[in-house]
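Visitor: what follows is a predicted structure for the sequence shown.
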Amino acid sequence: MGIQSRRERGSTPDDVKAHGPVDPLQTISKLCSMRRLPLVESRSAVYDDWPPRPDDFEAIPHLRDSRGRRYTYLRLSVTDRCDLACVYCMPPSGEEDHALRRELMTFEEAARLVSVFAVAGIRRVRLTGGEPLVRKDIVRLVDLIHRRTEVEQLVMTTNATRLSELALPLRDAGLFGVNISIDTLDAERFNEITRGGDLGRVLAGIHAALDVGLEVKLNTVPLRGRNDDELVRIVEFAWSLGVTPRFIELMPLGEGAKLPSSMRMNADDVMTALGDRLCKATATGVEGHGPARYLSASDGSGQRVGFITPISNEFCDTCNRVRVTARGDIRACLASRRAVNLRNIMRAGGSDLDLAWAMVWSLSGKDRGHYFLDTDEHEHEHVGMSLIGG
Ligand code: SAM
Ligand code: SF4
């Protein structure tokens, strides 16, 4: 089924009757509170100033904020659960605040959201979590989004433990590629860093993804004292598969905020560890769909290494991404707790136009940056990546 046209989704006379000509989100807000569905997660005072909503989809602008940044990339979390518990992401006994089943968006709700996001200018969607492959029937969600929405590319970030069984059905359902997280190639260390993970399953998952033709990238969080002696090996492993490795600086979010800062390695530290394998003169700016900067191999092979540098060289000025948690909160930034709940707008009977306007509004006031290094700002430390969607 194709996406509805903007006009088909425009407000009908019934919408106008139901919501009134201006500020329909206030109506939704009231409906939510009558049904005891909170519209905002926190800091509700910030949300007093709902602006009037345009009357139809034709008038919904593509997602931009007040600083002119345009949003084209959605990271959609499908679960906050995981079969691993990486030391920088998940507490040893798992998150206490896991969503209950009824709190998770259904696949139909998630696909509806994506179709509205696509009308508002989102071109690429990344499914994430927690671990997206632990969500039951995840292949059906990929299929729904692929068939029902007009996004150009649907990809996933995964720990790959279940990928050897799922790579083929996911590709057949419309998945284009996977970013696979792997922090070490040593089985014992892998077990320690992930608190119980089996490296063999991840390696099998990587090969399965490549065999079925998914685009694959490998993501590593460099951790001093844990995997810093393996960075060259990880790069060579990735290159031997024809895959690009990327290093993500450890962020002080959730469990990551509890690790000693001496474990953090920035992009320069990693480049030093990689020595003359990389040609520094080939540094790119932010490129492609995400925030990674790339350096090419010095041997002229054309292979590359990516660096994602939220700490040492923040890319907030060019941010093009918006996040939705598994519970349906839209978050303009990883570091922000400000969140409108889109799931509750749907469950309170909101129209697609209400959703689109909530999206536009949520992003319009996005902060300039993340303030991770601001010693007076600790908001981001309370919620880990697995709850927000990494
Ligand atoms: N479970 C999947 C996985 O591990 O790829 C998807 C979700 S995970 C939260 C997404 C990415 O976030 C992973 O690459 C992980 O290494 C990264 N991550 C988690 N916590 C982080 C932190 N505190 N700092 C930097 N990266 C983090
Ligand atoms: Fe799970 Fe991914 Fe977090 Fe590791 S980084 S605990 S695999 S969600």
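Guide: Now that the structure is in, tell me what you want to look at. Ligands and ions are numbered 1, 2, ... in the order given.

Visitor: give me the below-cutoff pLDDT ranges for this structure.
Guide: 1-28, 37-55, 57, 59, 95-96, 281-290, 314-315, 334-338, 365-385, 389-390 (pLDDT under 70).

Visitor: interface residues of it facing ligand 1?
Guide: 82, 88-89, 128-129, 131, 157-159, 181, 219, 221, 248, 250-251, 253, 256, 385-386, 390 (Cβ under 6 Å from any ligand atom). Yep, even glycine has a C-beta here, placed from its N, CA and C like the rest.

Visitor: rerun that using 5 Å as the cut-off
Guide: Residues of the chain found near ligand 1 (Cβ under 5 Å from any ligand atom) are 88-89, 128-129, 131, 157, 159, 181, 219, 221, 248, 250-251, 253, 256, 385, 390.

Visitor: from these, keep the buried residues only.
Guide: The neighbour count (16 or more other Cβ atoms under 10 Å) marks 88-89, 128-129, 131, 157, 159, 181, 219, 221, 248, 250-251, 253, 256, 385, 390 as buried among the residues of the chain next to ligand 1.

Visitor: in strands, which of the residues of the chain next to ligand 1 appear?
Guide: Among the residues of the chain next to ligand 1, the residues falling in strands (DSSP state E) are Thr128, Gly129, Thr157, Ser181, Asn219, Ile248.

Visitor: just send those residues back as CSV, with distance to ligand 2 too.
Guide: Conversion of these to CSV gives the following (distance: Cβ to the nearest ligand atom, whole Å):
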residue, distance to ligand 2
Thr128, 8
Gly129, 6
Thr157, 8
Ser181, 6
Asn219, 9
Ile248, 10
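
Visitor: which two among the residues you listed are spaced furthest apart?
Guide: Within those, two members stand farthest from each other by Cβ to Cβ: Gly129 and Ile248, at 15.9 Å.

Visitor: run through the helices of the stretch 151-300 of the chain in chain order.
Guide: Here the stretch 151-300 of the chain has its helices, by DSSP state H, counting those that start in this stretch, at 163-173, 187-193, 199-211, 231-240, 255-258, 267-274.

Visitor: want to throw those helices into TSV with distance to ligand 2?
Guide: Listed next are those as TSV, based on distance: least, Cβ to the nearest ligand atom, whole Å:
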stretch	distance to ligand 2
helix 163-173	12
helix 187-193	9
helix 199-211	10
helix 231-240	16
helix 255-258	8
helix 267-274	18
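
Visitor: how about these in TSV, adding distance to Lys280?
Guide: Formatted as TSV, the helices of the stretch 151-300 of the chain follow (distance: least, Cβ to Cβ, whole Å):
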stretch	distance to Lys280
helix 163-173	34
helix 187-193	29
helix 199-211	28
helix 231-240	15
helix 255-258	28
helix 267-274	7
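
Visitor: closest one to Asn341 among the ones you listed?
Guide: Asn341 sits nearest to helix 255-258 of all the helices of the stretch 151-300 of the chain, at 24.6 Å, using Cβ to Cβ.

Visitor: need the residues of the protein near ligand 2, please.
Guide: Cys82, Leu84, Cys86, Cys89, Met90, Glu131, Asn159, Ser386.

Visitor: how much space is there between the fourth one and Met105?
Guide: This points to Cys89. From Cys89 across to Met105, the span is 21 Å (Cβ to Cβ, to the nearest Å).

Visitor: the first one now?
Guide: Relative to Met105, Cys82 is positioned 18 Å away (Cβ to Cβ).

Visitor: residues near Val116, how many?
Guide: 27 (other Cβ atoms under 10 Å).

Visitor: contacts for the strand or helix carrying it?
Guide: If you go by DSSP states H and E, Val116 is part of helix 107-119. The contact list for helix 107-119 (Cβ atoms under 8 Å, 6 or more residues apart in numbering) reads 3-4, 6, 9, 57, 60, 63, 74, 76, 78, 105, 122, 125, 137, 140-141, 144-145, 148-151, 322, 324, 328, 342-343, 346, 352, 355-356, 359.

Visitor: quick one: contacts for the residue in the stretch 151-300 of the chain that ligand 2 sits nearest to?
Guide: Nearest residue of the stretch 151-300 of the chain to ligand 2 (Cβ to the nearest ligand atom) works out as Asn159 at 3.6 Å. For Asn159, the contact set (Cβ under 8 Å, 6+ apart) comprises Cys82, Asp83, Leu84, Glu131, Leu133, Ile180, Ser181, Thr194, Gly197, Val202.

Visitor: what residues does Ala167 make contact with?
Guide: Applying Cβ under 8 Å, 6+ apart to Ala167 gives the contacts Val178, Gly205, Ala208, Ala209, Asp211, Val212, Leu214.

Visitor: between these, identify the one with the most neighbours.
Guide: Val178 (29 neighbours).

Visitor: thought it was touching Val216?
Guide: Yes: at 5.8 Å, Val178 counts as touching Val216 under the criterion of Cβ atoms under 8 Å.

Visitor: which residues are common contacts for the two?
Guide: Ala209.

Visitor: thanks again, I'm all set now.
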